[in-house]
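Undergrad: Sequence and predicted structure, then a few things I'm wondering about:
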Amino acid sequence: MNKILLVEDESSIRGFLKINFERSGFKVLEAESGEEGLRIAALEKPQVAILDVMLPGIDGFKVCQELRKMFTSIGIMMLTAKAQDLDKIMGLEYGADDYVVKPFNPMEVTLRVKALIRRLEAEQEEIEGDIIESPPFKLDTYSQKLYKDNIEISVTPKEYMIMKIFTENPGKAFSRDELLNLAWGYNFVGDPKIVDVNIRRLRSKIEENPSDPTYIETIWGTGYRWRK
């Protein structure tokens, strides 16, 4: 169930927003001040926060800024009684995803929150799609970094490419020529033993015992295989 944090000092506004969100299947968390909202957010980790700009204590812009520091993927919508461009710009500058000007239709707010959640989920899927997992290893294809047990391992571009080939094809036996073509390219001119050299270096970085490897298996007479 998606959690929504409502930070609004007017109980009537919180009330009718809460009713509409609960009807749509959301769990609603309520706060009357920015400080209270931040405390609840730290405990409950909501998917979306709806913040009134004018709050007792710290204002909605400051709450927005702090929430963005706490949760990079949280959706934030600002509620403002002012239809001024400056408020809209400030909200976006502080990290808000959307804003609604009072008075508003609560059903419209609900629909816009649903659209925001769909967008956030799509963005998260795209980010996760950049990660190749083969526990205990993770490859970040965007930054081309390799991690073992969430600790980064320094690898060369060719070592990274070999790891990517292996982890995308667990259990598949690759000949040295196949690895050479995939990692170095079909136009590579040089000693094909470079594959063995890179495998040896890679094992020294990822294996507990490189002479008795757990992950990169030697297939005698063929080449190498990433053990499932």
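TA: Good, I have the coordinates.
Undergrad: For the rest of this, base every contact and every neighbour count on C-alpha atoms.
TA: Will do.
Undergrad: Could you list the single helix or strand in this structure with the lowest mean pLDDT?
TA: Using mean pLDDT, DSSP states H and E, the weakest-scoring helix or strand in the chain turns out to be helix 85-93, at a mean of 69.
Undergrad: could you point out which element follows that helix?
TA: Where DSSP states H and E defines the elements, the next helix or strand beyond helix 85-93 is strand 98-101.
Undergrad: Which strands or helices does the helix or strand harbouring Asp196 pack on?
TA: Asp196 is part of helix 194-206 when elements are defined by DSSP H and E. Counting by 3 or more CA pairs under 8 Å, 6 or more residues apart in numbering; DSSP states H and E, the packing neighbours recorded for helix 194-206 are helix 157-168, helix 176-184.
Undergrad: Reformat the ones you listed as CSV; add mean neighbour count, mean pLDDT and distance to Met78.
TA: Putting these into CSV (neighbours: other CA atoms under 10 Å; pLDDT from 0 to 100; distance: least, CA to CA, whole Å) gives the following:
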stretch, mean neighbour count, mean pLDDT, distance to Met78
helix 157-168, 19, 93, 42
helix 176-184, 17, 90, 49
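Undergrad: Out of those helices, flag the one nearest Asn105.
TA: Of all these, helix 157-168 sits nearest to Asn105, with 48.6 Å by CA to CA.
Undergrad: out of all of them, which helix in this protein is the longest?
TA: helix 106-128 (DSSP state H).
Undergrad: what's the helix holding Asp196 in contact with?
TA: Outside helix 194-206, the residues that touch it by CA atoms under 8 Å, 6 or more residues apart in numbering are Lys148, Ile153, Val155, Lys158, Glu159, Arg176, Leu179, Leu180, Pro210, Pro213, Ile216.
Undergrad: can you redo those as JSON lines with distance to Glu30?
TA: Listed next are the contacts of helix 194-206 as JSON lines, based on distance: CA to CA, whole Å:
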{"residue": "Lys148", "distance to Glu30": "40"}
{"residue": "Ile153", "distance to Glu30": "44"}
{"residue": "Val155", "distance to Glu30": "48"}
{"residue": "Lys158", "distance to Glu30": "52"}
{"residue": "Glu159", "distance to Glu30": "51"}
{"residue": "Arg176", "distance to Glu30": "61"}
{"residue": "Leu179", "distance to Glu30": "57"}
{"residue": "Leu180", "distance to Glu30": "59"}
{"residue": "Pro210", "distance to Glu30": "55"}
{"residue": "Pro213", "distance to Glu30": "54"}
{"residue": "Ile216", "distance to Glu30": "53"}
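Undergrad: Fine by me, we can end here.
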